[in-house]
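*Asks:* I need the structure of the sequence given here:
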Amino acid sequence: MADERFARLPDQVTLSRDEVAVVLFALDVVEDVTVGLVEATKVRQAVVLLTGKLWPELGGLLDDDN
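*Replies:* Have a look, this model is predicted:
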């Protein structure tokens, strides 16, 4: 079936502070790599999403970087 997924993601995921640090470090590394526009946009969306979830007081500051 075309709709059948290989794996289903849970509705929510909980990460420890150390796990979040690993994810953020990985995103920092990937963000500095030269990739295509589509990939760069996806990485940037991930950075903005995680930052907004972890530090909501930053608001739209990341959007001001561009």
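*Asks:* Secondary structure element for the residue nearest the centre of the chain, which one?
*Replies:* In the chain, the residue lying closest to the centroid (Cα atoms, centre = their mean) is Ala46, at 2.2 Å. Here Ala46, judged by DSSP states H and E, is contained in helix 37-54.
*Asks:* Chain neighbours aside, what residue packs nearest to the residue nearest to the centre of the chain?
*Replies:* Leu27 (5.8 Å; Cβ to Cβ, 6 or more residues apart in numbering). C-betas here are computed from N, CA, C, even on glycine.
*Asks:* which residues touch the one you found?
*Replies:* Val43, Ala46, Val47, Leu50 (Cβ atoms under 8 Å, 6 or more residues apart in numbering).
*Asks:* Kindly indicate which of the residues you listed lies nearest Val33.
*Replies:* Distance ranking of those against Val33, using Cβ to Cβ, places Val43 first at 8.5 Å.
*Asks:* where in the chain is pLDDT low?
*Replies:* Applying pLDDT under 70 to the chain picks out residues 1-3, 59-66.
*Asks:* packing partners for the helix holding Ala46?
*Replies:* Judged by 3 or more Cβ pairs under 8 Å, 6 or more residues apart in numbering; DSSP states H and E, the packing partners of helix 37-54 are helix 17-31.
*Asks:* Under a three-state scheme, what state does Val33 occupy?
*Replies:* coil (DSSP: H, G, I helix; E, B strand; the rest coil).
*Asks:* no wait, Leu9
*Replies:* Leu9 - assigned by three-state DSSP - is coil.
*Asks:* That one: neighbouring residues, count only.
*Replies:* Neighbours of Leu9 under the rule other Cβ atoms under 10 Å: 7.
*Asks:* wait, what's in contact with it?
*Replies:* Leu9 neighbours (Cβ under 8 Å, 6+ apart): none.
*Asks:* Next, the contact list for Val20, please.
*Replies:* Leu50, Leu54.
*Asks:* quick one: it from Arg8, how far?
*Replies:* Distance, Val20 to Arg8, by Cβ to Cβ, to the nearest Å: 23 Å.
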